[in-house]
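> Let's see this in three dimensions:
(chains A and B)
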Amino acid sequence: MTSPIRAAFAAPVAAVLFSFTTGTIQAAVSVDEKLPVYATVSGVSGNLNSVGSDTLNNLMTYWAEGFQAAYPSVNIQIEGKGSGTAPTALTEAIAQLGPMSREMKANEMDAFEKKYGYKPTAIKVAIDALAVFVHKDNPIKGLTLAQVDSIFSSTFKRGGKNIDTWDKAGLAEWAGKPISIYGRNSASGTYGFFKEHTLSKGDYKATVKEQAGSSGVVQGVASDLTSIGYSGIGYVTSGVKALPLGEKADKLISPDYEHALSGEYPLSRFLLVYVNKKPGQPLDTLTLEFVKFVLSKAGQEMVVKDGYFPLPSEAVSEMIGHLSK
Amino acid sequence: MTDQAAVKPNSKRFETSPLTLWIDWGMTWFIRSGGMAVIIAVFGIFVFIAAQVFPLFLSADVDPLKTISVPKEVVPQQIRGLISDEWGELPAVLSANSLTFLPQDDSAPRTVGLDLGEGSAAQVTASHIDHRGQRIFLGTADGRFAIRRLSFAPEFKPTGERTIVGELKSELTVPLGTPGKPLLAVGFGERDGHQLAAAIQDVDGKLAVIAVPFTVKKGLIGPPKVIAETPIDLTSKIVGKPQRLLVDERGGSVVVTNDTGTVFYFFNGPDGLELRQTFRPFEDQQPATIASLDYLLGDVSLVVTSPAGVNRLFSLYVKPGSEVREFGHTKDFAKLDAGAETFAPSVRNKCFLLTVGNEVSLRHGTSTTTRWEKHLEFPISHSAISGKYHRIFLLDDQGTLHSYNLDDPHPEAGMTALFGKVWYEGSDAPNYVYQSSGTDDSEAKLSMVPLLLGSLKGTLYAMLFALPIAILGALYTAEFMHPRFKSIVKPVVEIMASLPSVVLGFMAAIWLAPLIEEKVPSILMVGLMVPTCAILFGYFWSKASPSVRSHIRPGYEYLYYLPILVVSIVAAWSLGPVLESICFTYNGQGDFRQWWRNSTGLPFEQRNSLVVGVMMGFAVIPIIFTIAEDAMSNVPPALRSASLALGASRWQTAMRVVLPTASAGIFSAIMIGFGRAIGETMIVVMATGNTAIMSMNIFDGMRTLSANIAVELPEAAVHSTLFRTLFLGALLLFLLTFLINTVAELLRQHLREKYKTV
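Numbering: from 1, shown residues only, chains lettered A, B, ... in the order given. Model prediction:
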């Protein structure tokens, strides 16, 4: 109650609002002041389709709303069933934008290249810290990556032993309580990223309950006391707790902006949007303007609003230069 | 009045009008063709699905494309290796001091230097080609270790034509081990933050094995910093003469073989390199030495051949009783004529190419099948597979490069992979596993068996719940209930059938699953007490004096039973925790979840088969109920009346007359319900965790064939292996229902024949 910020809020309503926002991490994050301000251009209209990541689904919706406010004649449709759906949609020209939360796999690139003769272009649009969630009443302080691997995988490539109860994960007061595991379905980029970076490319246990969306994972974890799950940080709710993670038990790092940007948080990643850009030719106007909007100050403010982390301006200017050529 | 006699019978009156005949003929053919169309449509669907599935079972198709000779300045005997670009358009040969690109489009070959300096000291004495990372690791006569990156990039001309441009970039050149002494074998691997180089070095006739770790500090943005650490000498730990050395791509281990056929596996843990395992891959063979040893894509499995041509796979896994991952013998391949002379891995899948003399053999690491093999007219000295797994390059001893077109879109499929027990990398025993996608180098696990089991499991539990309720309900409604109520009950149940399954699934996931998790003992009590109370009530009712019974008109008896039903449910529900604290205790406390885990050793999941059984049962009950009730109501009233008139009770009439007569119809009802349950998708997708497990445990989830299609189809690229595998799932469902329906129809005919006379 002695917090100076809190003292500034006199009205009880404001206090309630405040306690609501401090629950999530984005309160401290602000966008880079050097990011370009988006300027509307004339002659932008048409249909824009986006098919791909569920992690980026809400964010794409925010961007679409913002973009449509600037260009009322543009019609945007967004579908977010998982990153795995983006390459197929881009290849079959169902979508111009393919949001993905992992990099495209070689065989997905192959299918695209077979049709167009060149590879799709990846645009970094935001930074995410893939978070491991537990129920909000779980007293655990954090986990090492080897422990996370031992919980989720059947191959234990990080060298640990099988962990199926909470006491084996270092929570003595929960002795004998089984760990109920939630994860994403294989179409998800988060599934792939987690598999590659946390399980060291190992296999998931067959007992991981696969949910079709990140919100399903978070909902599952929030309703199941002894559970654990993972998703992008943007899906954090008051019912779950994002755990600090690390290579070593004495150096666990929480998933926040600073640690994601420095790369210290082990599961930080770029969120990407893939586009079909012919080499040597600029992107078509509609798609290019949308991407410019996404990488503008207004676009990156929406990233913060959705709970993800904005890009620094260096990364943005390089990207726009490449796309306009 | 007309004159009767004058009227002659008009014969036309007894003829059918031509119009009627026409309509009759037309309708006959219309219906007939409609029926035929249905059969053709079903057959067409079958053919379409089968055509989609068929390519999964084909083997590789390889055709020669062209031959190119290396330029004169490259001495064939000095060639050390062959590497291909991703597109298979610009293969390159590595020789002692240069790299030569051999374009496949008939443009002139181009030779570039390796940037190692001049003279004999700069000669390459060791090389390892990293096909995946498109890098060459080199060791020189003067003891330097070098990394050269091959960058292949497509270049587009304004006309839209594409050419591949290859470049060689110097990445690293550092002295390794004792200065000035030649390196005989080199290896390198890296993962976020750590790099590891290792080499065998000839120090004045004595072979030394050394490893040097580097630490790399890398942020998301900005250039990385590399810090070299102290070299580690492994020589003392190796018995005999070291021969071959491999470092896995993540720099997590060093594998060294010696001249007597022993493999030394050094693990790069937090405390540095430690000798974790020594093993002899061919200790049962004569000779027991190792002819070749190479990593399969992913660098967790070693492909080993013996001088006699025995080809085995050793994978890293945690052996029972052990706590660390060690190499173990997991697979055997077809025998070669002799030990492999060249090895080329695919970088798209687990295929690898082995050659011995004129023999070439393309094999798949997961299914152990030989995809393609051939005896060629020339001895092969080097081999490579293009990045996209669509070209094979073979270099003969005269320096001629032979290129082949490789058409093998589904190497990871086949009977063994889809239906057999497979020993996957990293697991400690052969298993049925379904995990279709992962990273580029993970093994596709496409076993249909867990999915088939999941479908049957879901159906079984749904039918266990639905059958008694639906059939008994139908029997009661048809035989005992007052017609006035029947006219209300039946439409209400039919409305239940129209509940969208997505709504049921949603309810199951959000409401029922957490409820059942807490209240298993209560549900158990309800399941026990309600039927018991019903039977007891029936018994006492039958013993009650006729004066009591005559208070109630036939068909209204349930009004007496209703309060008892409500009380028994409430009592059973609240007795649940009592039962739990008496029977299902763990650590002195009533806790069913823990008790189940502890006493059966099986898991208890929140999203389990009980939830699915109940919810899917809800979807199935109305269908079975309606059809079964119709079948019973359609029993001729004369039969019923005759039975009652002969003195049979209503119960006897129902059991002995109505049920047998209607049995064919009831059987159809059950089969239609079964068909609905096995194909049900949404409820299963939402209410289970879609866990593809091999377990019939009721408190565990499942993944059904239909749910699998719904979950994975959006990510399946058209005509990819996954796409066709999903179609295989559809084909299995099709065949399953076809089989069950055929058997059911035969049984139904049999029943109908049997009870025709009743």
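> Quick check: next helix or strand after the one helix or strand B:Ser381 maps to?
Per DSSP states H and E, B:Ser381 falls inside strand B:380-385. Heading C-terminal from strand B:380-385, the first helix or strand you meet, by DSSP H and E, is strand B:391-396.
> Point me to the residue of the stretch 201-325 of chain A nearest chain B.
Residue of the stretch 201-325 of chain A nearest chain B, by CB to the nearest CB: A:Lys209 (2.4 Å). To be clear about C-beta, it is placed using only N, CA and C from the backbone, and glycine gets the same treatment.
> coming back round to it: which helices and strands does the strand holding B:Ser381 pack with?
Helices and strands touching strand B:380-385, by 3 or more CB pairs under 8 Å, 6 or more residues apart in numbering or on different chains; DSSP states H and E, are strand B:81-83, strand B:342-345, strand B:351-356, strand B:391-396.
> Check the model's average confidence along the first one for me.
Averaged across strand B:81-83, the pLDDT comes to 93.
> strands paired with that strand, and their directions?
Here strand B:81-83 has these sheet partners by DSSP bridges: strand B:92-94 (antiparallel).
> Going C-terminal from the partner strand, what's the next secondary structure element?
Next element after strand B:92-94 (DSSP H and E): strand B:98-101.
> mind checking how far that following strand is from the chain centre?
Here strand B:98-101 is found 42 Å from its chain centre; the criterion is CA atoms, centre = their mean, to the nearest Å.
> how about the residues of the stretch 1-150 of chain A near chain B?
A:81-82, A:84-85, A:87-88, A:91-92, A:105-108, A:110-111, A:117-119, A:127 (CB under 8 Å from any CB of the partner chain).
> Mind checking which of those land in strands?
Taking DSSP state E, the ones among these that sit in strands are A:Ile127.
> Please, a ChimeraX command that selects the buried ones among the residues of the stretch 1-150 of chain A next to chain B?
Here is the ChimeraX selection string for the buried members of the residues of the stretch 1-150 of chain A next to chain B, based on 16 or more other CB atoms under 10 Å in any protein chain shown:
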select /A:81,82,84,85,87,88,91,105,106,107,108,110,111,118,119,127
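> Relative to chain A, which residue of the stretch 551-700 of chain B is the closest?
For the stretch 551-700 of chain B, CB to the nearest CB, closest residue to chain A: B:Gly689, 2.4 Å.
> what does the stretch 301-450 of chain B give?
Closest point on the stretch 301-450 of chain B to chain A, by CB to the nearest CB, is B:Gly426, at 3.5 Å.
> didn't that residue look like it was pressed against A:Ser154?
Yes. Contact criterion CB atoms under 8 Å: B:Gly426 and A:Ser154 qualify, at 7.5 Å.
> okay, these two: which has more neighbours?
The neighbour comparison of B:Gly426 against A:Ser154 (other CB atoms under 10 Å in any protein chain shown) goes to B:Gly426, with 25 against 22.
> Can you read off the pLDDT for the residue nearest to B:Arg149 when sequence neighbours are not counted?
For B:Arg149, ignoring the flanking residues on the chain, the nearest one in space by CB to CB, 6 or more residues apart in numbering or on different chains is B:Lys169 at 4.6 Å. Looking at B:Lys169, its pLDDT reads 89.
> B:Lys169: which element?
With secondary structure defined by DSSP H and E, B:Lys169 is part of strand B:162-175.
> Can you name the residues in contact with the next helix or strand after that strand?
Downstream of strand B:162-175, the next assigned helix or strand under DSSP H and E is strand B:183-191. The contact list for strand B:183-191 (CB atoms under 8 Å, 6 or more residues apart in numbering or on different chains) reads B:125-128, B:130, B:135, B:137-140, B:143-145, B:147, B:176-177, B:195-202, B:207, B:216, B:242-252, B:254, B:299.
> And the buried ones among those residues, selectable in PyMOL?
Buried members of the contacts of strand B:183-191, defined by 16+ other CB under 10 Å, are picked up in PyMOL with:
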select buried, chain B and resi 125+126+127+128+130+135+137+138+139+140+143+144+145+147+176+177+195+196+197+198+199+200+201+202+207+242+243+244+245+246+247+248+249+250+251+252+254+299
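> filter the contacts of strand B:183-191 down to the ones close to chain A.
B:Arg250.
> Next step: the contacts of strand B:183-191 restricted to strands.
Short answer: the contacts of strand B:183-191 in strands (DSSP E) are B:125-128, B:130, B:135, B:137-140, B:144-145, B:147, B:195-202, B:207, B:216, B:242-247, B:254.
> And the helices in chain A?
Residue ranges of the helices in chain A, as given by DSSP state H, are A:4-8, A:12-22, A:57-70, A:85-91, A:106-116, A:145-152, A:189-197, A:214-222, A:257-262, A:285-294, A:297-305, A:313-324.
> Now the third one: buried residues?
Applying a neighbour-count criterion of 16+ other CB under 10 Å, one finds A:57-64, A:66-67 buried in helix A:57-70.
> Same check on stretch B:470-489?
Residues of stretch B:470-489 classed as buried: B:470-471, B:473-481, B:486, B:489 (neighbour count, 16+ other CB under 10 Å).
> any residues touching that stretch, and which ones?
B:490, B:493, B:553-558, B:620-622, B:624-626, B:628-629, B:632-633, B:650, B:653-654, B:658-659, B:666, B:669-670, B:673.
> Apply the buried test to those and list what passes.
Buried among the contacts of stretch B:470-489 by 16+ other CB under 10 Å: B:490, B:493, B:555, B:557-558, B:620-622, B:624-626, B:628-629, B:632-633, B:653-654, B:658-659, B:666, B:669-670, B:673.
> show me what contacts the nearest residue to B:Ser706 once chain neighbours are set aside?
Closest residue to B:Ser706 apart from its sequence neighbours, by CB to CB, 6+ apart: B:Thr681 at 4.3 Å. Shown in contact with B:Thr681 (CB under 8 Å, 6+ apart): B:501, B:704, B:706-707, B:709-710.
> Nothing else from me, thank you.
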